[in-house]
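J.: Below is the structure, and that's it, no one-letter string:
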């Protein structure tokens, strides 16, 4: 099956999903971002600028590390794409550097961002400091309590962190508030969205900025696997940006693509088609169409929707979406730490948990090769782990 | 005489339909009924709070539509795409006697979803809308055209934004009434708006009063001051 992952339709659709469901006040701003991104993405100068900051600032390319001991134990070849080794400690920096450079190119002086666990907020504050832009980060009041360290990090980096007290006081409300705020300041401010979600062109643009993960991994896997591609490509999915970036590098290979959602935030597994934050996709909602809250141990996956391209890949049967629960995830963090000396983020541990389960059950056949994107490092989760251990 | 369109969040109190009756008796030309959504991205704090309160009371689209009495004035439902694009939504509005629909986050390109239901689809234009698109919005709107006065969310404002140019562009392209909304808080602002617009939509100023415990009679008295200012 040939699947075109280059671009969504003119209306920003991936199959039945995506689009630009925003108030008229925001349509011109979205069109402006789209036009600027199209131009930048065709401009070799933009690419060389971005490649340079990714290399000398963010630390790319990131390593592909064979999980030696775990591979032996599971009877598979497990390769880890180490996004945890980037500056700021997660894949979020790839997208943010791209968007911040774009904002600068557009003449904007200020970035707006939403954040859940704080990783995207920290990455945005970092890129803004690097490029001399102001930043305002919207964060649910509840998440601010859970992730005090990241709130402090953002403020150290010069960002203004605005507590969101509406609704469930978590990521979905932070996202709504960022959209509300953007309406008031589209002239000078750029909305730096953190995942493959939101109105067109964001799901497409963010995937393009994240595909560096998949493109690098493709080359690195070929070197490790004697020119072959892996049998499985696995990544965790909240909004789904690290997975989208990883999958983009392998969608045209025979690799089985697996996205692992948090059981308590599994929009693909338990959601219905709906429209949230500017795009149509699978959304967790009640029988009356009210969006429900996601709950898991990892704040970064606590989002009731999922990027539209993932819903499309699932419809096509090209990717499969599974879940991992909190208990498995905690066990996976410990297992990876003990056998490989890598303390990964709770988000990334969802992907690890699925591999452990599927290898044990034989769903991943012995001898298989598996690429797993380790989207971030676990430092931010130490307080959570201390409470639960 | 200018048009007055009060907005009431459906299901906000057990007796919420009494606010509709009070609005009609105060001389409303049409009434907007908000169908509350969990994530109202175009609404400011007042309507957010009203929506949360209605949802916490267990209000649903079905329960709100079932409550609506025969009022003798046109009713417009205002809500968000996630509710409006559900199967059977437009048919249930029509069955409940609703004249039209206002869904700010369904853009021009996606309007086909509302075709064929014999229901007005009111479109919004904003100060950031390009002039050629203002014309298209005016031409494709039905019932009336909703001019958004400012770049922002719903909510009371101390001063009325100047939307003369936007309203003039819209009026040039259509014979439908052009109603100005967002931030209209009192009789003086309403009267000022109607020097160039055909009428006003007033939402947050009403809902703040209801959230603060105003009775239907008190809300009616407030609306009478607006009505008088517009006559």
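T.: In hand now; what should we look at? Since the model is a prediction, treat every value here as computed from it, not as a measurement.
J.: list the contacts for the residue lying closest to residue A:267 once chain neighbours are set aside?
T.: The spatially closest residue to residue A:267, leaving aside those adjacent along the chain, is residue A:306, at 4.1 Å (Cβ to Cβ, 6 or more residues apart in numbering or on different chains). Glycine gets a C-beta too; all of them are placed from N, C-alpha and C. With Cβ atoms under 8 Å, 6 or more residues apart in numbering or on different chains as the criterion, the residues that contact residue A:306 are A:197, A:237, A:238, A:239, A:240, A:261, A:267, A:268, A:271, A:281, A:282, A:321.
J.: what's the answer for residue A:363, then?
T.: Applying Cβ under 8 Å, 6+ apart to residue A:363 gives the contacts residue A:357.
J.: Likewise for residue A:332?
T.: For residue A:332, counting by Cβ under 8 Å, 6+ apart, the contacting residues are A:324, A:349, A:350, A:352, A:353, A:356.
J.: Mind doing that once more with 10 Å?
T.: Residue A:332 makes contact with A:324, A:344, A:346, A:348-357 under the criterion Cβ atoms under 10 Å, 6 or more residues apart in numbering or on different chains.
J.: Just send these back as CSV, with neighbour count too.
T.: Formatted as CSV, the entries for the contacts of residue A:332 read as follows, by neighbours: other Cβ atoms under 10 Å in any protein chain shown:
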residue, neighbour count
A:324, 27
A:344, 27
A:346, 26
A:348, 32
A:349, 32
A:350, 35
A:351, 30
A:352, 29
A:353, 26
A:354, 27
A:355, 26
A:356, 22
A:357, 17
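J.: so of the residues you listed, which ones are in helices?
T.: Using DSSP state H, A:346, A:348, A:349, A:350, A:351, A:352, A:353, A:354, A:355, A:356, A:357 are the members of those that sit in helices.
J.: gap between residue A:256 and chain B?
T.: Separation of residue A:256 from chain B (Cβ to the nearest Cβ, to the nearest Å) stands at 32 Å.
J.: Report the spatially closest residue to that residue, excluding sequence-adjacent ones.
T.: Counting by Cβ to Cβ, 6+ apart, residue A:232 is the residue found nearest to residue A:256 once chain neighbours are left out, at 5.1 Å.
J.: Next up, the contacts around residue 24.
T.: No chain was given, so I picked chain A. By Cβ under 10 Å, 6+ apart, residue A:24 lies in contact with B:42, B:104-105, B:107-108, B:123-129, B:133-134, B:137, B:146, B:148.
J.: meant chain B, my bad for not saying
T.: Under the criterion of Cβ under 10 Å, 6+ apart, the neighbours of residue B:24 are B:6, B:30, B:31, B:69, B:71, B:72, B:73, B:75, B:220, B:223.
J.: Verify the contact between the residue nearest to residue A:256 and residue A:373 for me.
T.: No - between residue A:232 and residue A:373 no contact is recorded; they are 11.6 Å apart, counting by Cβ atoms under 10 Å.
J.: which of those two has more neighbours?
T.: residue A:373 (29 against 23; other Cβ atoms under 10 Å in any protein chain shown).
J.: The more buried one is in contact with residue A:211, isn't it?
T.: No - using Cβ under 10 Å, residue A:373 is not in contact with residue A:211, being 11.9 Å away.
J.: what sits in contact with each of the two?
T.: Contacts common to residue A:373 and residue A:211, judged by Cβ under 10 Å, 6+ apart, are A:245, A:246, A:247, A:249.
J.: Am I right that the first one is in a helix?
T.: Read that as residue A:245. Yes - going by DSSP: H, G, I helix; E, B strand; the rest coil, the assignment for residue A:245 places it inside a helix.
J.: mind checking how far it is from residue A:210?
T.: Note on residue A:245: its distance to residue A:210, by Cβ to Cβ, to the nearest Å, is 3 Å.
J.: which residue sits closest to residue 181 in space, ignoring its chain neighbours?
T.: No chain in the question, so chain A it is. Taking Cβ to Cβ, 6+ apart, and ignoring the residues beside it in sequence, residue A:181 has residue A:112 as its nearest neighbour in space, at 6.0 Å.
J.: oops, chain B please
T.: Looking at residue B:181 with Cβ to Cβ, 6+ apart, the closest residue is residue B:201, at 3.3 Å.
J.: which SS state does that neighbour fall under?
T.: Residue B:201 ends up strand, using three-state DSSP.
J.: got it, and residue A:206?
T.: Residue A:206 is classified as helix under three-state DSSP.
J.: Against residue A:240, how distant is the residue lying closest to it once chain neighbours are set aside?
T.: Counting by Cβ to Cβ, 6+ apart, residue A:196 is the residue found nearest to residue A:206 once chain neighbours are left out, at 4.7 Å. Applying Cβ to Cβ, one obtains 5 Å for the distance of residue A:196 from residue A:240.
J.: Determine the longest helix present in chain B.
T.: Ranking each helix of chain B by length (DSSP H) puts helix B:216-230 first.
J.: Counting by contacts, list what that one packs against.
T.: Contacts defined by 3 or more Cβ pairs under 10 Å, 6 or more residues apart in numbering or on different chains; DSSP states H and E place helix B:216-230 against strand B:3-9, helix B:17-25, helix B:187-193, strand B:199-202, helix B:204-211.
J.: hmm, back to that, dump the shared contacts of residue A:373 and residue A:211 to TSV, plus neighbour count and pLDDT.
T.: Supplementary listing: those in TSV, determined by neighbours: other Cβ atoms under 10 Å in any protein chain shown; pLDDT from 0 to 100:
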residue	neighbour count	pLDDT
A:245	30	98
A:246	32	98
A:247	29	98
A:249	26	97
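J.: Of the residues you listed, just say which sits nearest to residue A:158.
T.: Looking at these and their distance to residue A:158, the nearest is residue A:245, at 27.3 Å (Cβ to Cβ).
J.: how much space between that closest one and residue A:91?
T.: According to Cβ to Cβ, residue A:245 stands 7 Å off from residue A:91.
J.: Common neighbours of these two, please.
T.: A shared contact of residue A:245 and residue A:91, defined by Cβ under 10 Å, 6+ apart, is any residue touching both; here these are A:81, A:83, A:209, A:210, A:212, A:213, A:235, A:373, A:375.
J.: in the sheet, who's paired with the residue positioned nearest the centre of chain B?
T.: For chain B, the residue nearest the mean C-alpha position is residue B:32 (4.4 Å; Cα atoms, centre = their mean). Each beta-bridge partner of residue B:32 is listed here, defined by DSSP bridges: residue B:7, residue B:76.
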